[in-house]
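Visitor: coords please:
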Amino acid sequence: MDSFKFLKNQSGHLQVLREGAVPLSVKPKRCFPWSELNHYVSIRDMKNNEVVLIRDLDDLDDESRQAVCEALNETAFVFQIERIVDIQVEFEIRFWQVITDQGEYCFQTKLDEWPIKLAQGQFIIKDVAGNLYSVANIDCLDDQSRQFLWAYLD
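Guide: Residues are numbered from 1 along each chain as shown. Below you'll find the model as predicted:
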């Protein structure tokens, strides 16, 4: 990681600085597993080509880590599920109807995609478009929502 440095330019865009190279505008993307949020961050150029893979954000200097974390927070919009209204299964797709912190929303997941439990007890659901949905605390859901979700947990 020593040959790379990350910073936000005057426009607020993340850039990677490499020794002897022109600064390159990049965007971060978290890689699986989502339970390891400080690990495996892919840094991609504007054509979506990977420039570098950060195995652990703690390996970066403070300024670089702060810049990458800020960029991740700006790009990682996660809907917070407050209630599950319905889940229907059709062919190879699961259709979710939920109430989020942003209002009512419908999304689809692959039949073989399951909610992932994170270490803090939070659940993450990834839809077919790559959007993330979070259930911060299953105990805070109403009975119907818990029943829907429990059916899809290991």
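
Visitor: In space, what's closest to residue 83 - neighbours in sequence excluded?
Guide: The spatially closest residue to residue 83, leaving aside those adjacent along the chain, is residue 99, at 4.1 Å (CB to CB, 6 or more residues apart in numbering). Heads up, the C-betas are built off the backbone N, CA and C, glycines and all.

Visitor: what's around the one you found, how many residues?
Guide: Neighbourhood size, residue 99 [other CB atoms under 10 Å]: 15.

Visitor: Mind giving me the packing neighbours of the helix of greatest length in the chain?
Guide: With secondary structure taken from DSSP state H, the chain has its longest helix at helix 62-75. Packing partners of helix 62-75 (3 or more CB pairs under 8 Å, 6 or more residues apart in numbering; DSSP states H and E): strand 4-8, strand 14-18, strand 24-30, strand 39-45.

Visitor: ok, residues contacting the helix or strand that comes right after it?
Guide: Once helix 62-75 ends, the next helix or strand along the chain (criterion: DSSP states H and E) is strand 78-90. Strand 78-90 has contacts (CB atoms under 8 Å, 6 or more residues apart in numbering) with 94-102, 104-105, 111, 124-125, 131-136, 141-142, 144-145, 148-149, 151-152.

Visitor: Spit out the contact partners of residue 95.
Guide: Counting by CB under 8 Å, 6+ apart, residue 95 touches 86, 87, 88, 89, 106, 107, 108.

Visitor: And those residues, which of them are buried?
Guide: 87, 107, 108 (16 or more other CB atoms under 10 Å).

Visitor: Show me which positions of the longest helix of the chain end up buried.
Guide: 64, 65, 67, 68, 69, 71, 72.

Visitor: close enough to count as contact, the last one and residue 30?
Guide: It stands for residue 72. Yes. Contact criterion CB atoms under 8 Å: residue 72 and residue 30 qualify, at 6.8 Å.

Visitor: Mind listing the shared neighbours of the two?
Guide: By CB under 8 Å, 6+ apart, the residues touching both residue 72 and residue 30 are residue 41.

Visitor: between the buried ones among the contacts of residue 95, which is nearest residue 52?
Guide: For these, the closest approach to residue 52 (CB to CB) belongs to residue 107, at 31.1 Å.
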